[in-house]
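Asks: After the sequence you'll find the predicted model.
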Amino acid sequence: MLFQKDHRSDGTNRQKRVYAMFELAYTAVDFAAATLFVIGSIMFFSEDWQTQGTWMFLIGSICFALKPTLRLARELKLAAMGDVDDLAKRVGRD
């Protein structure tokens with residue numbers, strides 16, 4: 001099943017590298033979302049900046065939506081990197 005094999009310690013060096021790259025992207029998106037929400041919150045204290053603050057919230061929300069997308073993309077990429085037999089067994093097609 002997807003999301004169960006630990007590619008941080010198991011798998012080939014290439015799989016570990018792909019896993020690490022996706023984790024870096026995930027962390028960067030998470031940091032960007034949090035930063036945008038903090039900036040948006042500060043902007044909401046001033047009526048002059050509320051529209052820009054709303055845009056910050058929207059962009060931050062999009063970043064939060066990217067997080068599960070990145071995790072799914074990572075798992076699909078890792079599954080395509082040679083774990084097909086194991087993947088087939090997990091879905092009941094041995």
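Replies: All right, it came through fine.

Asks: Report the buried residues of the helix or strand harbouring Ala32.
Replies: Here Ala32, judged by DSSP states H and E, is contained in helix 13-43. Of all the residues in helix 13-43, those buried under the rule 16 or more other C-beta atoms under 10 Å are 15, 18-19, 22, 26, 29, 32-33, 36-37, 39-40, 43. Using the backbone N, CA and C atoms, a C-beta is placed for each residue, glycine as well.

Asks: what's the answer for stretch 66-81, then?
Replies: Buried residues in stretch 66-81 (16+ other C-beta under 10 Å): 66, 70, 74-75, 78.

Asks: which one of the buried residues of helix 13-43 is nearest Ile59?
Replies: For these, the minimum distance to Ile59 (C-beta to C-beta) is 5.3 Å, reached by Leu36.

Asks: quick one: that closest one from Trp49, how far?
Replies: Remark: distance between Leu36 and Trp49 (C-beta to C-beta, to the nearest Å) = 14 Å.

Asks: Next: Ala73.
Replies: Distance, Ala73 to Trp49, using C-beta to C-beta: 35 Å.

Asks: lowest confidence element among the helices and strands of this protein?
Replies: helix 84-90 (a mean of 56; mean pLDDT, DSSP states H and E).

Asks: rewinding a little: Gly60: which of the buried residues of stretch 66-81 is nearest?
Replies: Checking the buried residues of stretch 66-81 one by one against Gly60 (C-beta to C-beta), the nearest turns out to be Leu66, at 10.6 Å.

Asks: May I have the predicted confidence score for Leu76?
Replies: Listed pLDDT for Leu76 reads 87.

Asks: where does it land in three-state SS?
Replies: helix (DSSP: H, G, I helix; E, B strand; the rest coil).

Asks: From what I see, Met81 and Arg14 are in contact.
Replies: Yes. In this structure, Met81 is within contact of Arg14 by C-beta atoms under 8 Å, at 6.6 Å.

Asks: just checking, Leu78 touches Val18?
Replies: Yes. At 6.2 Å, Leu78 and Val18 qualify as touching, with contact defined as C-beta under 8 Å.

Asks: list the helices and strands whichever strand or helix holds Ser61 packs on?
Replies: Taking DSSP H and E as the criterion, Ser61 maps to helix 50-80. Packing contacts for helix 50-80, counted by 3 or more C-beta pairs under 8 Å, 6 or more residues apart in numbering; DSSP states H and E, involve helix 13-43.
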